[in-house]
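1. Everything below, folded, please.
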Amino acid sequence: MIISIIPVVLFQVFDQKWIALPWAIVAMVGTAAAFIVGFRNSQTYNRTWEARQIWGSILNLSRSWGTMSRDFIHNPDASRKLIYRHFAWLTALRYAMRDSRTWETVNLEHNKEYQQFYDIPERATSLEEELGKYLEPGELTYILNTKNKAAQLLSLQSKATRELFDNKLIDEYRFVELQRAIKDLFDAQGRSERIKNFPYPRQFSTISKFLVWLFCIMLPFSLLKEFDKLNEGVTGLLQGHMVWLAVPFSVLIACVFTSLDQVGESTENPFEGSANDVPISQISRTIEIDMREMLGETDLPPALTPKNSIIL
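-> Below is the predicted model:
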């Protein structure tokens with residue numbers, strides 16, 4: 001608003017007509033800004049959609065793991081350990097996805113203020129407390145002292161299936177199938193970590209923001225002459241004052257560009273804990289409920305519900 005008022009006051013009140021810019025120049029900057037913002041939004045949407053696909057595959061792989069763990073092994077305790085260790089893997093992975101990165105925007109002032117309208121489950125309880133629900137004390141201590149906890153939990157799953165094979169509790173075919181499932185889970189984890197740890201290229205993000213703000217600053221200067229020309233076609237009180245319409249129209253057009261830029265920023269990092277994240281906490285809880293029911297359990301954790309239509 002202030003950026004648009006200043007040039008109008010200089011043009012109309014202080015008669016500084018020279019500050020008006022040719023519309024064609026600003027239109028070229030606006031075209032470049034629209035192109036780069038559209039490209040950025042397309043790419044950041046692809047990052048979010050890929051993240052959703054990865055966690056959709058984790059959902060399917062987990063259900064398969066649940067049925068194989070239950071039906072391949074004729075030992076309820078061993079089946080239960082494999083499934084509960086899988087819950088621990090999901091927990092460790094989603095906590096890792098919620099860790100902060102320097103390029104993420106969730107801790108910017110305007111985003112932090114909005115966090116009061118929704119819950120981030122990974123910020124409500126500690127990882128140690130959550131893993132303690134699924135792991136035996138010895139495994140819990142070991143995992144808490146590792147760097148990549150999710151990877152080490154899958155490693156323990158592999159070791160456990162090897163012991164089942166060595167003890168002849170599963171045959172070679174089932175051992176291979178369980179190992180293939182672990183490999184697929186490693187693959188899904190790796191793809192999720194790639195999106196988390198590799199930011200959208202900063203040069204595209206920076207140039208997008210720069211062009212949008214350059215356009216917003218230049219825009220009111222280019223509208224001065226356009227609205228001043230309208231004085232020729234009006235009479236009465238408005239005659240001689242049409243240039244003031246440059247203020248609301250500058251604000252309106254600038255809002256369109258800055259909003260599109262904000263949309264791109266909000267979809268760059270799909271695991272950072274913002275309102276537009278992929279709902280990995282909800283997906284993990286859905287998996288846990290499904291797999292506990294496979295074990296015949298009836299004391300199930302409640303499904304996560306949205307708060308203000310937002311769920312993570």
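2. Of all residues in this protein, which one is nearest the centre?
-> For the chain, the residue nearest the mean C-alpha position is residue 270 (1.5 Å; Cα atoms, centre = their mean).
3. Leaving out chain neighbours, which residue sits closest to it?
-> residue 51 (4.0 Å; Cβ to Cβ, 6 or more residues apart in numbering). C-beta: built from backbone N, CA, C; applies to glycine.
4. contacting residues around that neighbour?
-> Shown in contact with residue 51 (Cβ atoms under 8 Å, 6 or more residues apart in numbering): 192, 195, 270, 271, 278.
5. Over to it. Which of the three states is it?
-> Three-state call for residue 51 (DSSP: H, G, I helix; E, B strand; the rest coil): helix.
6. count of residues packed around the closest residue to residue 117 other than its chain neighbours?
-> In this structure, residue 117 finds its nearest non-sequential neighbour in residue 308, 4.6 Å apart by Cβ to Cβ, 6+ apart. For residue 308, the count of nearby residues is 11 (other Cβ atoms under 10 Å).
7. wait, residue 308 sits on residue 115?
-> No: using Cβ atoms under 8 Å as the test, residue 308 is too far from residue 115 to be in contact (11.1 Å).
8. what's around residue 161, how many residues?
-> When counting by other Cβ under 10 Å, one arrives at 26 neighbours for residue 161.
9. can you pull the contacts of it?
-> So residue 161 contacts 82, 170, 175, 178, 179, 182 (Cβ under 8 Å, 6+ apart).
10. and of the residues you listed, the nearest to residue 58?
-> Using Cβ to Cβ, residue 182 is the member of these that sits closest to residue 58, with 12.9 Å.
11. How about the secondary structure of the closest one?
-> Following three-state DSSP, we place residue 182 in the helix state.
12. So it sits against residue 151, correct?
-> No: contact criterion Cβ under 8 Å: residue 182 and residue 151 do not qualify, at 10.9 Å.
13. These two: which is more packed in?
-> Applying other Cβ under 10 Å to residue 182 and residue 151 shows that residue 182 carries more neighbours, namely 20 against 17.
14. List the contacts of the more buried one.
-> Residue 182 touches 154, 157, 158, 161, counting by Cβ under 8 Å, 6+ apart.
15. what about the last one, which helix or strand?
-> Under DSSP states H and E, the secondary-structure element containing residue 161 is helix 149-166.
16. centre of the chain versus the helix or strand containing residue 264, how much separation?
-> According to DSSP H and E, residue 264 maps onto helix 246-266. The chain centroid and the centroid of helix 246-266 are separated by 22 Å, computed with Cα atoms, centre = their mean, to the nearest Å.
17. any residues touching it, and which ones?
-> Contacts of helix 246-266 (Cβ under 8 Å, 6+ apart): 1, 3-5, 7-8, 30, 33-34, 37-38, 40-41, 44, 105, 205, 208-209, 212, 215-216, 219-220, 223-224, 226-227, 274-276.
18. Restrict those to the buried ones and give me that as a ChimeraX selection.
-> Listed next is the ChimeraX selection for buried residues among the contacts of helix 246-266, using 16 or more other Cβ atoms under 10 Å:
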select :3,4,7,8,30,33,34,37,40,41,44,205,208,209,212,215,216,219,220,223,224,227,274,275
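19. out of the contacts of helix 246-266, which are inside helices?
-> Those of the contacts of helix 246-266 mapping onto helices are 3-5, 7-8, 30, 33-34, 37-38, 40-41, 44, 205, 208-209, 212, 215-216, 219-220, 223-224, 226-227, per DSSP state H.
20. quick one on the thing from earlier: the residue nearest to the centre of the chain contacts residue 277, doesn't it?
-> Yes: counting by Cβ under 8 Å, residue 277 is a contact partner of residue 270 at 5.6 Å.
21. any common contacting residues for those two?
-> Shared contacts of residue 270 and residue 277 (Cβ under 8 Å, 6+ apart): none.
22. Tell me, please, the helix or strand in this protein that averages the lowest pLDDT.
-> Least confident element among the helices and strands of the chain, by mean pLDDT, DSSP states H and E: helix 109-114 (a mean of 78).
23. Just list what that one packs against, helices and strands only.
-> For helix 109-114, not one helix or strand is in contact under the criterion 3 or more Cβ pairs under 8 Å, 6 or more residues apart in numbering; DSSP states H and E.
24. Let me see the residues that make contact with the helix or strand following it.
-> Per DSSP H and E, helix 109-114 leads on to helix 121-124 as the next helix or strand towards the C-terminus. Under the criterion Cβ under 8 Å, 6+ apart, residues 94, 95, 98, 273, 281, 304, 312 lie in contact with helix 121-124.
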